[in-house]
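Generate coordinates for the sequence data below:
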Amino acid sequence: QTSRLLQAHQQVASLQQQCVRLEARCSELTEQQLAAAAEQAELRDEAVGSRAELEDAQEEAGRLRQRLEQQEAAASRTEAQLREELRAAQAHCDEVEEEELRLLEGAQRDAAELQALQLLLKEEREKNAQMATVKLQGYASRHLRR
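The predicted model follows:
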């Protein structure tokens, strides 16, 4: 019985040592768990901050995309307006060139007509001068006969 009692005491002592080791291990695990929970809370805070930054960046990207689309639309309208203005200016230049050509042709016709009229006028003057000379000679010879 004594040996059993001694054996039981040894088992109790062994169990008590195991309990102390287990309690120490539990304390250690509890500290690790608390540290892990604190780190997890920090990571969660960082994730929330990162998520907010990401949302802000996405909103800014959306605003920039919208502004770019507006600028592209304005550039497209401006380009279309410039093309239309260029087309109108070219059409006007074509009209002016056609008018200049018509005026030049008219001026050439007028110059040719003027030359023809000047030639006729010269011929008429010469005829008139000859006729006047003939008439004067006729008057003079009649006057001298009298």
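
quick one, helices of the protein?
Taking DSSP state H to define them, one finds helices in the chain at 2-145.

With Leu68 as the reference, measure out to the spatially most central residue of the chain.
Centre of the chain computed as the mean C-alpha position; nearest residue by CA atoms, centre = their mean is Ala75, 3.6 Å away. From Ala75 over to Leu68 the distance is 10 Å, taken as CB to CB, to the nearest Å. Glycine gets a C-beta too; all of them are placed from N, C-alpha and C.

what's the answer for Glu123, then?
Look at Glu123 and Leu68: by CB to CB, they are 81 Å apart.

Could you list the low-pLDDT ranges of this structure?
With pLDDT under 70 as the threshold, the chain has low-confidence stretches at 146.

repeat that with 90
The chain contains residues with pLDDT under 90 at 1-6, 139-146.

Could you give the number of residues near Lys119?
Quick fix: residue 119 is Leu, not Lys. Applying other CB atoms under 10 Å, we find 10 residues neighbouring Leu119.

which residues touch it?
Residues in contact with Leu119 (CB atoms under 8 Å, 6 or more residues apart in numbering): none are found.

roughly how far apart are it and Met131?
Leu119 sits 18 Å away from Met131, going by CB to CB.

and what of Arg67?
Taken as CB to CB, the spacing of Arg67 relative to Met131 amounts to 93 Å.

same question, Ala89
From Ala89 to Met131 the distance is 61 Å (CB to CB).

Kindly report the same for Glu69.
When CB to CB is applied, the distance between Glu69 and Met131 equals 91 Å.

roughly how far apart are the residue nearest to the centre of the chain and Glu99?
Taking CB to CB as the criterion, Ala75 is separated from Glu99 by 36 Å.

How about Gln115?
In terms of CB to CB, Gln115 sits 24 Å off from Glu99.

Counting neighbours, what do you get for Tyr139?
Tyr139 has 10 neighbours, counted by other CB under 10 Å.

likewise the one 5 residues further on?
Around Leu144 there are 7 other residues, counting by other CB under 10 Å.

ditto for Ser27
For Ser27, the neighbour count with other CB under 10 Å is 10.

Perfect, I'm done here.
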